[in-house]
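Chemist: Make a model of this:
(one chain, ligands or ions: 2)
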Amino acid sequence: MRHRGELCGGLPGLTLPLPLPPIVDLQLTHDALLSSTLNHGLKVMGDRWTAAVLLGAFTGVKRFEDWQVQLTIPRSTLTDRLGKLVKLGLLRQRPYQERPRRQAYHLTQAGLKLYDQVLMIWMWERRWGQRARSLPGYLRHKSCGHPFLPVLACTACSEKTGMNDLTFSLQPVPELLLAENLSRNARVTSASTQSMGQGLRVDRWSLLIVTAVVLGCHYFDELGRVLGIVSSVLARRLSGMVETGLLLAQPDVADARRMRYRLTPASRDLFGYLVCFSTWASRDYLQQPSAIRPVHKACGHRFVPKVLCSACRAPVLPWEVSFSDKPD
Ligand SMILES: [Zn+2]
Ligand SMILES: [Zn+2]
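Modeler: Ligands and ions are numbered 1, 2, ... in the order given. Okay, the predicted model is just below:
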């Protein structure tokens, strides 16, 4: 089914009456969003520290102390995230010193499959993140010898692809929807103690809200319905995202009392990460189809992302890239 997109609407200067944007099927969007591989993947990997630790691993960090220095991450948080990544089979430990015994952390074959999304995180952090200065500023593609930027492209036709080049069909996955409902019911008693993740620029909830806006939900009641969260919590999350520049809130043209939420350049730039992460979660983590299925309008194929080198247009593999602080 075709779905209302973020940028649907009229062309400026058009004199004919504009067609009304199709109404979002809120129940279908709710079921698809909550049973998406994105949502279920983000539950295990969707906090900013996990993403930051992984980014470090791909830029060559292997020792506990080096992550601590690079990220200024609390010791217990780093222990927890490294333990989780080892448990997920994405990192493995190898001793690098016998006495006292010290462990280094290496990416596994499964961990290397996260590379596309890590390149997308690198791009986003470099442009919008608060950690830009602690990140290597340049990538070099060893195969072609050139500095490059990662380019998101369609696997079927190899063309560069952005959010506006896609339509989305929604097909909820019953098994994952059931798992979501069960976990929500189990959390009801502890809901009041859950942290809002204050101070986090991008977390699981902000990524889900961005996705809901991509799928055409622009109003408070629509977002509350598709995310299935109570008004007070949604209000806090939305105002936090407006403050940190991830959403724009504008009075609706038809009813100024109603706010319309739109993506900003910073949240639009998260799209590459969202689609690479969702694909990884579907293929390599959950082995389930994604409930949110992008189709590349230009070639008509289901959109499966791949990341290309901007210089030679070849797919980028982790061992073919060097990171540096200088362009040469
Ligand atoms: Zn294509
Ligand atoms: Zn290249």
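
Chemist: tell me the secondary structure for residue 84?
Modeler: Classification of residue 84 by DSSP: H, G, I helix; E, B strand; the rest coil places it in helix.

Chemist: Now do the same contact list for it.
Modeler: Going by Cβ atoms under 8 Å, 6 or more residues apart in numbering, residue 84 touches 44, 50. Any C-beta I mention is one placed from the backbone N, CA and C, and that applies to glycine too.

Chemist: so what pLDDT did it get?
Modeler: Model confidence at residue 84, given as pLDDT, is 95.

Chemist: give me the number of residues near the residue in the stretch 151-300 of the chain positioned nearest to ligand 2?
Modeler: Nearest to ligand 2 in the stretch 151-300 of the chain, going by Cβ to the ion, is residue 151, at a distance of 10.1 Å. Using other Cβ atoms under 10 Å, residue 151 has 19 neighbouring residues.

Chemist: Bridged to it, which residues?
Modeler: Beta-bridge partners for residue 151, by DSSP bridges, are residue 308.

Chemist: I'd say it and residue 307 touch.
Modeler: Yes: at 6.8 Å, residue 151 and residue 307 qualify as touching, with contact defined as Cβ atoms under 8 Å.

Chemist: From the contact counts, what lies against the helix or strand harbouring residue 120?
Modeler: Taking DSSP states H and E as the criterion, residue 120 maps to helix 115-128. Here helix 115-128 touches helix 48-58, strand 150-154, helix 271-280, strand 305-309, going by 3 or more Cβ pairs under 8 Å, 6 or more residues apart in numbering; DSSP states H and E.

Chemist: Over it, what's the mean pLDDT, rounded is fine.
Modeler: Mean pLDDT, computed over helix 115-128, is 91.

Chemist: what inclination does that helix have with respect to strand 150-154?
Modeler: With axes from the mean of the first three to the mean of the last three Cα atoms, to 10 degrees applied, the angle from helix 115-128 to strand 150-154 works out at 130 degrees.

Chemist: Neighbouring strands of the helix or strand just after helix 115-128 in the sheet, and parallel or not?
Modeler: Sequence order places strand 138-141 as the next helix or strand after helix 115-128, per DSSP H and E. Its sheet considered, strand 138-141 pairs with strand 146-148 (antiparallel), strand 321-324 (antiparallel) by DSSP bridges.

Chemist: got a list of what the residue sitting nearest the centre point of the chain touches?
Modeler: With distances taken as Cα atoms, centre = their mean, residue 274 lies nearest the centre of the chain, 3.1 Å away. Neighbouring residues of residue 274 by Cβ under 8 Å, 6+ apart: 38, 207, 210-211, 214.

Chemist: For those, give me TSV that also has neighbour count.
Modeler: Shown next, in TSV, are the contacts of residue 274 (neighbours: other Cβ atoms under 10 Å):
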residue	neighbour count
38	26
207	21
210	24
211	26
214	24
